[in-house]
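S.K.: sequence first, predicted coordinates after that:
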Amino acid sequence: MTTAPDIIPALAALRPAGAIAPPPALLDRTALDVPLADPDAVDHWAGQVLAGHSLPGGLRIALDLDDTLLHGSQTCPALWDRGGYGDPAIVPGWRYDRMQVSWRGRVHLLRGRPRYDAVDRRHHPALTAPRIVVAPDLPMLSVLGWLQTRGAVLGLATASARTRVDLLLDRLPALRALVGPRVMTAEDLAHRLTTAPDDADPLWSAAAPAHAARPLSLAAKTPWALAPLWDGAGYDLLVDDSAVTATVMQAARLDDRLLHIPGGALSPAAGWANAAALLRRLAGLPALDRTPAPPPVGALRIEDPLYWPCLHLSDQFEDPAHG
């Protein structure tokens, strides 16, 4: 069994070489107003999607983060098309008021470039990393809120690092309201995967083939791996875009517990389509040929300063206890 401190360097080895973690004082943690759809309009839309069918009570739903609930410019460059790289509507993720601007940066500002390009990298080397912008999937978040009011218990399971997830939850209170304390980050997943399982646990018996097929994989989000989210109980459904996760779940014949959605759902229409697929799956209904006209929803794009220094380039890590 690996102790929690030993896991930290094992995960750090998966990150981009030379990535610099920014000082916490330079990160903007201001909570943002997340422009979700009107709850009454979501209720009407969900009724159309379900066509009079009801959902089971007390559903436990596990949710991936990146490319499922949050779409980023690193994996979805088309995100820049919404207003362009210099769009002033992009919410800053850095405390630019605490940074020095270079002489050349002043010229950039005069030419309308974003403040990210104006910072003096000699004093703030963390900004030598690519500028990353993320957009929450507002249709999916709106429908998850509707599910929560009907008794669903939601949990977040992500291969991203704890420090980044905590920052995003601070910035996106609507997401924190959905999952509360039920959050597993890369560190939590790695600790779980390096903990000796109870052979008598039926969740482990079902999940063992998946973990044998891809050992020590942050993408192996089996019901056993995520059981700590619900005090030892397995989930009813995992919503995830990862092809690796889909393969792992299939290896253990657990794909009936997975809703594999396409990543990069940048348009609201794609987000509503994924949300409709979720509702239909939970109700045991076939997919719709056509999604009902959805309610209007806002837009939000924010800089993500910790994406690059917290990025894991592989889902598999080395167990320090056997290194």
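M.R.: Right, received. Where do you want to start?
S.K.: C-alpha only now, for contacts and for neighbours.
M.R.: Noted.
S.K.: strands along the protein, start to end?
M.R.: Remark: strands assigned in the chain by DSSP state E are 60-63, 70-72, 133-136, 153-157, 183-184, 237-240, 258-260, 302-303.
S.K.: just checking, what packs against the fifth one?
M.R.: Using 3 or more Cα pairs under 8 Å, 6 or more residues apart in numbering; DSSP states H and E, the elements in contact with strand 183-184 are strand 153-157.
S.K.: ok, back up a step: tell me which of the strands of the chain lies nearest to P209.
M.R.: Nearest of those to P209, taken as Cα to Cα: strand 258-260 at 15.9 Å.
S.K.: hmm, back to that, could you dump the strands of the chain to a markdown table with mean pLDDT?
M.R.: Supplementary listing: the strands of the chain in a markdown table, determined by pLDDT from 0 to 100:
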| stretch | mean pLDDT |
| --- | --- |
| strand 60-63 | 98 |
| strand 70-72 | 93 |
| strand 133-136 | 95 |
| strand 153-157 | 98 |
| strand 183-184 | 98 |
| strand 237-240 | 98 |
| strand 258-260 | 98 |
| strand 302-303 | 96 |
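S.K.: for A270, find the nearest of those strands.
M.R.: Comparing these by Cα to Cα, strand 70-72 comes nearest, at 11.9 Å.
S.K.: show me the contacts for the spatially most central residue of the chain.
M.R.: Nearest to the mean C-alpha position of the chain, by Cα atoms, centre = their mean, lies L65 at 1.1 Å. Counting by Cα atoms under 8 Å, 6 or more residues apart in numbering, L65 touches L156, A157, T158, D240.
S.K.: for these, which one is nearest W94?
M.R.: The closest of the contacts of L65, once distances to W94 are taken by Cα to Cα, is T158, at 23.0 Å.
S.K.: phi and psi next, for that closest one.
M.R.: phi -140, psi 150 (degrees, to the nearest 10).
S.K.: pLDDT score assigned to it?
M.R.: As summarised for this prediction, T158 has a pLDDT of 98.
S.K.: which residues does L288 contact?
M.R.: V49, A276, A277, R280.
S.K.: tally of neighbours for the closest residue to the first one other than its chain neighbours?
M.R.: When you say that, I think you mean V49. Leaving aside its sequence neighbours, V49 sits nearest to A276 (Cα to Cα, 6 or more residues apart in numbering; 6.3 Å). Neighbourhood size, A276 [other Cα atoms under 10 Å]: 26.
S.K.: same deal with the one 4 residues further on?
M.R.: Counted with other Cα under 10 Å, residues neighbouring R280 total 21.
S.K.: could you do the one 10 residues further on as well?
M.R.: Applying other Cα under 10 Å, we find 9 residues neighbouring R290.
S.K.: please apply the same query to I261.
M.R.: 21.
S.K.: I figured it hits T245, correct?
M.R.: No: the pair I261 and T245 fails to qualify as a contact (Cα atoms under 8 Å) at a distance of 11.3 Å.
S.K.: thinking again about what came up before, can you redo the strands of the chain as JSON lines with mean neighbour count?
M.R.: Below are those laid out as JSON lines (neighbours: other Cα atoms under 10 Å):
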{"stretch": "strand 60-63", "mean neighbour count": "24"}
{"stretch": "strand 70-72", "mean neighbour count": "23"}
{"stretch": "strand 133-136", "mean neighbour count": "24"}
{"stretch": "strand 153-157", "mean neighbour count": "25"}
{"stretch": "strand 183-184", "mean neighbour count": "22"}
{"stretch": "strand 237-240", "mean neighbour count": "24"}
{"stretch": "strand 258-260", "mean neighbour count": "20"}
{"stretch": "strand 302-303", "mean neighbour count": "20"}
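S.K.: so can I have TSV of these showing distance to G83?
M.R.: Formatted as TSV, the strands of the chain follow (distance: least, Cα to Cα, whole Å):
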stretch	distance to G83
strand 60-63	29
strand 70-72	15
strand 133-136	12
strand 153-157	30
strand 183-184	32
strand 237-240	28
strand 258-260	29
strand 302-303	13
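S.K.: of all those strands, which one is nearest I90?
M.R.: I90 sits nearest to strand 302-303 of all those, at 5.3 Å, using Cα to Cα.
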